[in-house]
Structure formats: structure tokens, C-alpha cells
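Trainee: sharing a model that was predicted from the sequence below.
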Amino acid sequence: MTDTRHTLRPLVCDPATPGALPLAGGPLCFAHVETADGVVAASALDAAGRAALSAPRPALCGLDLRRPRVMGILNVTPDSFSDGGQNYGTARALARAQEMVSAGVDMIDIGGESTRPGSVTVPDAEEIARVVPAIEAIRAAGITMPISVDTRKPAVFRAAHAAGADLWNDVTALTWAPGSLETAAALDAPVCLMHFRGTPETMTGLTDYDDVLGEVVDWLGTRAEACRAAGIRRENILLDPGIGFAKTAAQNLTLIRGLAAFHALGYPLLLGVSRKRFIGSIGRAERAEERFPGSIAAGLAGLGQGAQILRVHDVEATIQALRLWRASTLGETE
């Protein structure tokens, strides 16, 4: 049975609090932990529990995760829910990548297939034809920062990796296609495992959880174990709770509020809330491109729970907000 320790939710506190430990080796601290039986001091946990919650996470794609990072979204699709068509085509994709680099982004996430609710599967060859030229153009332009590829398909990631991509960002946590685990292990590539139920066509009807936080933590813990068993190294695993995928607005908020519980699994966390539908419903912004203030608010809430990476559309605004968050919350101005 998987021991995910999902009932351990560290409570972020002032670093000066007696007994405070670093949260996932980052700038935040915790001295108490919420368990199924109530709140206990961090010192009361066993050594394994304390280590899982407090140990530094290894660098990912060369990025030091002791400070928050920004992953910029670059959709080279005609139909993504928020920015479909804006960066479709190699020239547009390269121009947007250069803008993000100038703004100070840490990683670029390229997607060639929309997974919005109701979207349909794109053939492998067509997805490769969208993604690979963009990667090749970015690398030819001298951009060396890590590139992530948002795909469910091992054939697409193999082609992208050969073109210069680094990380496989799979919304199905390597469950969509046979050979996914084996491909990631053979390439020794970092992977982002996201929680997902069903398919883009069916996920909106699959929101029946008894305990959404506990169930998502357990599921991701099981997927991480499957990756380890397949030969994927621990330091190559990144987790994503899958905000907006087979979750209601209330469930999304529960996951954001409880995000620190995912640290008990011992892996770094990516949070993708950018322009999601629940932000529009709560913030009363019908159009996706109007949701960036709410996206920043939700992202900063995740940073306050120890998320290491924010995946965003509005790179420039997010980086500005992150600088202010670090200065006001952590006293860091660099």
C-alpha cells in the first residue's frame, strides 16, 4: 500500500517561530503540521515525515528550486482555450519565446495539442509538426533555458527531446499511451506528473471526490512510485495537482489552500492556475485573457503554500508580482 502521508499538511509560519523548519528546503517555514488527529509540532513527526516535508528539492533542469520559478506557456496551437492561434507558426512562436526570455522567465512550456474541456486528440505527426520547428527555432536563436513540452504522447516527446526539449509535461502523468514510462526512463528526462481523470471530452463529469485533497495526493504518490519502479530517477519527478482538470471551482480552491500537503510526497510542485475557468467564475471575467489578475492572485496563494514553479500565460505580469511577493514576504530584492 502507498504511504503518501497525505494527512500531513505543514502550516506555514514566521521563520522566527521556535522549532521552525524550512518547507521543502525553500524560503518558507513551518513549525506545526495538521494531521488527521489535529495539529502537532513538527518535532513530533518521525524522521521520515520531517525529511519529506523539509528536505531541499533537487535542481530540476538545472534550476535551483530554493526560490520560486516561472514557466511560460507557449501554445503553438490554433485552438487552445486561452491563446489559440496567437503563437501558431514558427515565427510567432520564436518571437513570443524571445519576449518571455527578455522578461526573465525560467522555463518555456511548448504545447501542440489543446487539452481544454471538449478538445479532441491531435494525430502524433501533426503535433510533432507544430512543436518541433518551434523548439528548433528557439535553440537556433541561441536560447538555452530549459524547454518543457506539454504532450500526452511518447512519440511527440521523443521528437521534441531530439530537437532540444528537456522536460516532459504530461497532463495524464504518463498514463495516456503505452510506452510512456519506458520512454521517459530511457531518455532520462525529467517529467511533470499531473492529476487528471478521464479525457478532455469527459473530465467535466468526473468530479465525484470524497476527499479531493487526499485523493489527489494519493494518486500522484502512486504515479510517482510507478515512475520510480520504471527507472525514472526521483530527482526527475515534478508533481502538479491538475487545477481545473476534473475538478469543480470549490475543489480547485481546496487544493490551492491545502497545497502544502503535497510536500509530504517529497517532490517539487508545479501549480498551473493561469486563466482557468474557475478564476473567471469567481472573478467575474468571462474572457480568458481578462483573468490575469485572478491568475496572479491564485498563483501567489500557491507560492504561499510552497509551490516551486508557476506555469503561466501572463509571464511579464507574473514576474513583476513574484518580485513584489519575494520582497514583501521574504525580504528578498534580488
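Mentor: That came through, no problem. This structure is a prediction, so every number in the text was calculated from the model and none was measured.
Trainee: mind checking how far L187 is from I147?
Mentor: Distance of L187 to I147, given as Cβ to Cβ, to the nearest Å: 14 Å. For the C-beta atoms, the positions are set from N, CA and C on the backbone; glycine is no exception.
Trainee: contacts only, for the residue nearest the centre of the chain.
Mentor: By Cα atoms, centre = their mean, the chain has its centre lying nearest to L270, at 2.6 Å. Contact partners of L270, counting by Cβ atoms under 8 Å, 6 or more residues apart in numbering, are M71, C192, L238, L239, D240, A307, Q308, I309, L310, R311.
Trainee: a helix runs through the last one, doesn't it?
Mentor: In other words, R311. No: under DSSP: H, G, I helix; E, B strand; the rest coil, R311 sits outside any helix and is assigned strand.
Trainee: how near is the nearest residue to it once chain neighbours are set aside to M194?
Mentor: Of all residues not flanking R311 in the chain, G272 sits nearest, at 4.0 Å (Cβ to Cβ, 6 or more residues apart in numbering). Noted for G272: a distance of 8 Å to M194, by Cβ to Cβ.
Trainee: how deep is the closest residue to S54 other than its chain neighbours tucked in, by neighbour count?
Mentor: Residue nearest to S54 in three dimensions, not counting chain neighbours: L21, with 4.3 Å by Cβ to Cβ, 6+ apart. L21 has 22 neighbouring residues, counting by other Cβ atoms under 10 Å.
Trainee: contact partners for L21?
Mentor: Residues near L21 by Cβ under 8 Å, 6+ apart: C29, F30, A31, A42, R50, L53, S54.
Trainee: so who does I319 touch?
Mentor: V70, A103, G104, V105.
Trainee: what about 10 Å?
Mentor: I319 makes contact with V70, G72, M100, A103, G104, V105, D106, L310, V312, according to Cβ atoms under 10 Å, 6 or more residues apart in numbering.
Trainee: so where does the first one fall, helix or strand?
Mentor: What that stands for is V70. Assigned by DSSP states H and E, V70 belongs to strand 69-75.
Trainee: and the following helix or strand past that strand, what's buried?
Mentor: Using DSSP H and E, the helix or strand that follows strand 69-75 in sequence is helix 90-103. Judged by neighbour count (16 or more other Cβ atoms under 10 Å), helix 90-103 contains these buried residues: T90, A93, L94, R96, A97, M100, V101, A103.
Trainee: again, but for stretch 224-242
Mentor: Neighbour-count burial for stretch 224-242 [16+ other Cβ under 10 Å]: A224, C227, I232, N236, I237, L238, L239, D240, P241, G242.
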